[in-house]
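In: predicted coordinates and the sequence they were generated for:
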Amino acid sequence: MELALLVVIPFAAGVVCLATNSRPWWERINFAAFVLVAVLALKIAANVLAAHGAISAINGFLRVDALSALVLLLTAFVSLVCAIYAIGYFRRDRADNRVNERQLRLYYGLTPIFVCAMLLAPMADNLGVMWVAIESSTLASVLLVTLYNQKTSFEAGWKYIIIGSIGIALALFGTVFVYYSAVGVLGSETRGGMNWSILVQVADKLNPQAMRLAFILVLLGYGTKAGLAPMHTWKPDAYSEAPVPSAALLGAAFINCAFYAIVRFDVLAEKALGHNFPGKMLIGFGIASILVAAPFILVQRNFRRLLAYSSIDHAGIMVAGLGFGGPLGALGATLHMLFHAVTKPLMFFCAGNVQQQFSTPYLWKLRGIIHTLPWTGGLFLMATLAVTGTPPFSIFQSEFKILSAALVADHGWMAFLFLAGVVTIFAGFLMHISKLTLGSPQTGIRATECRWRLSAMALVAAPVALFGFWLPNSLYELVRQSAQIVGGSL
Amino acid sequence: MNLDIVAITLQTALLLLLAPLVSGCIKNWKAKLQNRRGPPPWQPYFDIAKFLRKDMVISEHASWIFSTAPYVVLITSLLVGLMVPMVTTQAPLSLFGGALTVVGLLALSRFFLALGGLDPGSAFGGMGSSREMTISAIAEPALMLAIFTVAITAGSTDLSRIAAVEQASSLKLLNPAHLMAFAALFIVLLAETGRIPVDNPATHLELTMIHEAMLLEYSGRYLAYMEWGASIKQLVLMAILTNLFLPLGLATTNSALSVSIGLAVFLAKLLALGVAVVIVETVNAKLRLFRVPDLLSAAFVLAALALLSTFIFQ
Amino acid sequence: MNPPSSEIGAQIITLCAALMLVLQLLLVVQSMLLTNIRLFALQSLLLTVIAATVAYFYNAEHVYIVAVLTLIGKVIFLPWLLNRQVRQINIIQEVEPLLNAPTSMLICGGLTLLGYVVARPFTNLQKLGSNTLAVAITLLLTGFFLMSNRRKAITQVLALLSVENGVMLAAVALTSYGMPLVVELGVFFDVTVAVMVLGILVYRIRENFASMDTSKLSQLKG
């Protein structure tokens, strides 16, 4: 029951917003819908923990195990904070006349639909339906990326949809091949041939040639969605042109859905092919993403694009963790997904505040933010340290686990490259953001920070600060069970 | 070497006599389609007879190549014609190599044609020769690949065997490889015989000529042989197109009845193909010279796809 | 499961698949946008025929539904939508592609060979329509090539749609019944919405850039 509601509520909210005309109502409906979604997600996670397995609804069509519940929780959290932030952000944009009412309606109507698709993806047991959900979320987000109707918005949106569609077509092809191997094992009369829960039980009998081809295609396809190199070129444009709440949703929630899809296929592939081949491919793409992101971060001049490269880097880290394998790798990747989803929105929100206040995303034009926007400046610094994996923040722990997994699996060179990339990115980020935040500003006038946005940022900052030291027991239990699924032992 | 003197003589006679008629019919139907009366279908006979009677005027810069080229063109066209099954399944002459020899002989005739155009030292002749070589550089591989496609399904490059195997097996009309090879060969036919959209056979503007430009310096009986050779080549290519892909009605025995049926069916097929050529010529405009390689590479890729299809769809 | 009297069925499917391949080749070299849309509609029609043939010989009703969906969606609705957009934007011809026609055709020939090599291990001659996997993979590869070679936005949309055709054909070729109905419906829905969104974008790009030439979308760098 809750599972179905989880999808229906945001969809209904989106449709209602598209149909109505008053801005206060849009804000209220969105806020209410996302609060309800967050509550439902918590309840579902609790149910999954209590059931010690998976819960399903609609005759097995929707199936939530620990991994799905984790992704649902993260999506719900990110969309809630983004909704709170968006209220303040768009009020400012409306006051500055950067958007008109029609564009606002588009945002408030499409965002719940976008989130609805992102919530459906981890819940669908059928791999084809998961594909449909991820594709739908891409389509919903394209119009969000082009919201500002500038020339650069259309360029970003066009690149996003074309590259995304290429990727999604490859992913569909890979899914078809998996179905083909399933039919080979289960017979062509099968009804459940595309259901992950059924496939995972017969995975060791699947045709290895077909699974190899399928895994490569799926990695290329869903990797495009996650932003792995070399399919990452859409990310910098899309993240810098989209309105900040949408970019945060893309960078902190959508990336999890893409990673989730890769994990599901990886579990099947590793059961069918062993760890060697999938692991090599995953490590290859992961390390390549980190190494591609590093130089671009060093020479970056636009802090919105900086966030995109950071997202590419973290996608690479997660996928590399998955590739290094073993219990450490699986746990590291799952923890990283959790910590990244919690930390990234803070970066986006701070960047958005700065951009709106000074009307420019360029780093060389801005100095000493902390004097003008004290809260934003401070939180920006904290978020930078957190996102780049500085102890005692949480991401340090997950990265360390992944590094250990690499050393345990005897990938010395890969561990070295991983470390080199991460350290370079840390250096680059620190250099850029410290210049941005500290130093003497052009104007010493303190601006008042918006209440809504501050509360959103506080809501995010709390876990960021906290998780480095303490993780609630039930959350850790959820992560542990998810890691077991990721590692293929469940 | 399979020699049957009677068959050789009869086929040679058929080639020599039928070829000008085919050219004339095509010209006549094209005119009718353009709402003109046009020359009568047997006009080429009178033209050849006229050329044979006339004196020759030969450039003083021409060498022995100029004099041998007409003979080479005529004789190679006849030789190729003898290797193609026209009325009977078994062609009178089957030289070693089958289809490869056919393509080689056609290449030889083209080679001498082009040299003959260059030899007298006229500007238009050289221009025609270079254009002809450009076109044949792409048309020839397409021709080879298309013939190889049917050769592979038949298991031999001997054209007579190909026709025999095709006739014996069930109707393979729907075979995509053969359809694509037919399309490719049709385009090559247009290119080799100098028809629109590749070259306009009725043009009198020298700068737009390809085949005609090489013949500009020829006169008298050399011109007769050249024209005759060209029309025989056209007949032979049309025969390859019809008899390799649709070998219905080819006579398998030597009885008079089957041979006459074979002849009648062959004429009917030539008629149909001629009508197709006329329609294509009338509907299209001549392509600009630098666009001709586009068309011919389309033919080449079609032929390559046809060859691939024999493997893909086995 | 071997259906009886599938000789005719196999021939029809093989013929349609080969024609789909030829049409894809024509799509790559043809530069008039309206003709390209018609070529795509024809290709989808052939896909419908293949699906209907498989449905008939295997007596599978839900593949009939797929055939009807393809007919309504890809043969009638989407080409009509694209036609309307092209007429709205009033650009009917493609600019010079990156690689000229003969080179493009040669590359497509090479991609066909590659598709055949990749498909070889998966073709099972007992199954009806299994030999069209090579064509499906070729459609995928040539669709991607078309997308990178051409610059007009509508042609890139058509390339995407022909890639979809390839995936559908692969689904029919690999698994005799195609994918479960709910997935097919979802895919159709997604493709339709994708074309609509692309159409909106194309219109706005035309408005903003006064051209559909996507090589002009090059401001964002680094």
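Out: All right, it came through fine.

In: and A:H411, backbone torsions?
Out: Main-chain torsions, A:H411, degrees, to the nearest 10: phi -100, psi 70.

In: residues near it, how many?
Out: Close neighbours of A:H411, defined as other C-beta atoms under 10 Å in any protein chain shown, add up to 21. All C-beta spots, glycine's among them, are computed from the backbone N, C-alpha and C.

In: which residues are in contact with stretch A:179-198?
Out: For stretch A:179-198, the surrounding residues in contact (C-beta atoms under 8 Å, 6 or more residues apart in numbering or on different chains) are A:54, A:60, A:63, A:125-128, A:175, A:178, A:199, A:202, A:205-207, A:210-211, A:214, A:264, A:268, A:272, C:1, C:122, C:171, C:174-177, C:179-180, C:183.

In: end-to-end on that stretch?
Out: 12 Å (C-alpha to C-alpha, to the nearest Å).

In: in that stretch, what's buried?
Out: With burial defined by 16 or more other C-beta atoms under 10 Å in any protein chain shown, the residues of stretch A:179-198 counted as buried are A:179-186, A:190, A:193-196, A:198.

In: now, which of the residues you listed sits nearest A:G88?
Out: Lowest distance from A:G88 to those (C-beta to C-beta) belongs to A:W196, with 39.7 Å.

In: which two among the buried residues of stretch A:179-198 are spaced furthest apart?
Out: Farthest pair in these (C-beta to C-beta) is A:G184 and A:W196. Separation: 17.0 Å.

In: for stretch A:46-66, buried residues please.
Out: A:V48, A:A54, A:I55, A:S56, A:A57, A:F61, A:L62, A:R63, A:V64, A:D65, A:A66.

In: stretch A:139-158 too?
Out: Going by neighbour count (16+ other C-beta under 10 Å), the buried part of stretch A:139-158 is A:139-148, A:151-158.

In: restricted to helices, list those residues.
Out: Using DSSP state H, the subset of these located in helices is A:139-145, A:151-158.

In: from these, which has minimum pLDDT?
Out: Minimum pLDDT for those is recorded at A:K151 (85).

In: may I ask which helix or strand encompasses the nearest residue to that one once chain neighbours are set aside?
Out: Once flanking residues are discounted, A:K151 sits nearest to C:N208: 5.2 Å by C-beta to C-beta, 6 or more residues apart in numbering or on different chains. Using DSSP states H and E, C:N208 sits in helix C:181-209.

In: then B:L145?
Out: Here B:L145 is assigned to helix B:123-154, by DSSP H and E.

In: which elements pack onto that helix?
Out: Judged by 3 or more C-beta pairs under 8 Å, 6 or more residues apart in numbering or on different chains; DSSP states H and E, helix B:123-154 is in contact with helix B:99-118, helix B:159-168, helix B:176-192, helix B:211-215, helix B:220-245, helix B:292-312.

In: low-confidence stretches in chain C?
Out: Chain C contains residues with pLDDT under 70 at C:1-6, C:92-95, C:124-130, C:176-178, C:212, C:222.

In: chain B contacts on that one?
Out: Chain C has residues C:11-12, C:14-15, C:17-19, C:21-22, C:25, C:29, C:100-102, C:105-106, C:108-109, C:112-113, C:116, C:131, C:134-135 near chain B, with proximity defined as C-beta under 8 Å from any C-beta of the partner chain.

In: over to B:V84: give its phi and psi.
Out: Phi and psi for B:V84, reported as degrees, to the nearest 10, are phi -100, psi 130.

In: next one: A:R63
Out: phi -140, psi 130.

In: and A:N302, by the same measure?
Out: Dihedral angles (degrees, to the nearest 10) for A:N302: phi -130, psi 120.

In: what confidence value was assigned to it?
Out: Taking A:N302 on its own, its pLDDT is 89.

In: hmm, back to that, between the ones in helices among the buried residues of stretch A:139-158, which is nearest chain B?
Out: For these, the residue nearest chain B by C-beta to the nearest C-beta is A:W158; the value is 29.6 Å.

In: tell me which stretches of the stretch 201-350 of chain A form helices.
Out: A:208-226, A:234-241, A:244-249, A:255-273, A:276-298, A:303-324, A:326-358 (DSSP state H, counting those that start in this stretch).

In: for the ones you listed, could you give me JSON lines that also reports distance to A:T448 and mean neighbour count?
Out: Below are the helices of the stretch 201-350 of chain A laid out as JSON lines (distance: least, C-beta to C-beta, whole Å; neighbours: other C-beta atoms under 10 Å in any protein chain shown):
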{"stretch": "helix A:208-226", "distance to A:T448": "38", "mean neighbour count": "24"}
{"stretch": "helix A:234-241", "distance to A:T448": "26", "mean neighbour count": "27"}
{"stretch": "helix A:244-249", "distance to A:T448": "19", "mean neighbour count": "28"}
{"stretch": "helix A:255-273", "distance to A:T448": "33", "mean neighbour count": "25"}
{"stretch": "helix A:276-298", "distance to A:T448": "32", "mean neighbour count": "22"}
{"stretch": "helix A:303-324", "distance to A:T448": "22", "mean neighbour count": "28"}
{"stretch": "helix A:326-358", "distance to A:T448": "10", "mean neighbour count": "25"}
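
In: list the helices and strands the helix or strand A:Q484 falls within packs on?
Out: Element membership for A:Q484 (DSSP H and E) is helix A:473-486. In terms of contacts (3+ C-beta pairs under 8 Å, 6+ apart), helix A:473-486 is packed against helix A:23-51, helix A:66-95, helix A:255-273, helix A:326-358.

In: need the contact list for the nearest residue to A:Q150 once chain neighbours are set aside.
Out: Nearest residue to A:Q150, sequence neighbours excluded (C-beta to C-beta, 6+ apart): A:E241, at 7.4 Å. Counting by C-beta under 8 Å, 6+ apart, A:E241 touches A:V145, A:T146, A:Y148, A:Q150, A:T152, A:S153, A:E155, A:A156, A:G157, C:L220.
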